[in-house]
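S.K.: Requesting a structural model of the entry that follows:
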Amino acid sequence: MLGGLGNRGPWRVSSSEIHHVASPSSHEPRKPKKIVRITDTLHLGEMYVSEAALEEIKDKVEILGEPQNLFDVEGSLTAF
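M.R.: Residues are numbered from 1 along each chain as shown. You can find the predicted model right below:
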């Protein structure tokens with residue numbers, strides 16, 4: 001799955017209640033990273049979040065699917 005995102009990968013979630021998910025970044029390589037992937041700032045209704053970010057917002061979102069790998073075999077981000 002995704003390096004640094006925990007062993008379960010990102011979740012696709014939906015919420016109109018999320019206003020702020022960012023947290024201070026960490027330079028600790030083994031610490032799970034809070035990552036949010038959005039299409040663009042005009043479309044914030046659905047997003048992909050790492051397991052660490054989901055822990056912080058899980059009571060404010062609807063989980064729309066199972067964890068997904070967001071990288072292709074060459075290591076590039078896949079299209080939305």
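S.K.: any weak-confidence spans in this structure?
M.R.: Applying pLDDT under 70 to the chain flags residues 1-27.
S.K.: Quick one: the helices in it, in order.
M.R.: Assigned by DSSP state H, the helices in the chain fall at 51-57.
S.K.: where exactly do the strands run in it?
M.R.: 11-14, 36-37, 46-49, 62-63 (DSSP state E).
S.K.: Sheet partners, orientation included, of the third one?
M.R.: Paired neighbours of strand 46-49 in the sheet (DSSP bridges): strand 11-14 (antiparallel), strand 36-37 (antiparallel).
S.K.: same question, the last one
M.R.: Partner strands and pairing direction for strand 62-63 (DSSP bridges) are strand 11-14 (antiparallel).
S.K.: Please report how far the residue nearest to V49 when sequence neighbours are not counted lies from D59.
M.R.: Once flanking residues are discounted, V49 sits nearest to V36: 5.2 Å by C-beta to C-beta, 6 or more residues apart in numbering. Any C-beta I mention is one placed from the backbone N, CA and C, and that applies to glycine too. V36 sits 16 Å away from D59, going by C-beta to C-beta, to the nearest Å.
S.K.: now T78
M.R.: T78 is 28 Å from D59, by C-beta to C-beta.
S.K.: Just want to know which of the two has more residues nearby.
M.R.: Counted by other C-beta atoms under 10 Å, T78 and D59 do not tie: T78 has more neighbours, with 9 against 6.
S.K.: need the contact list for that one.
M.R.: Counting by C-beta atoms under 8 Å, 6 or more residues apart in numbering, T78 makes contact with N69, L70, F71, D72.
S.K.: Most neighbours among those residues, which one?
M.R.: L70 (20 neighbours).
S.K.: my guess is that one contacts R37, does it?
M.R.: Yes. Between L70 and R37 there is a contact at 6.7 Å, judged by C-beta atoms under 8 Å.
S.K.: So for stretch 31-51, what gets flagged as buried?
M.R.: Within stretch 31-51, the residues scored as buried using 16 or more other C-beta atoms under 10 Å are P32, K33, K34, I35, V36, M47, Y48, V49, S50, E51.
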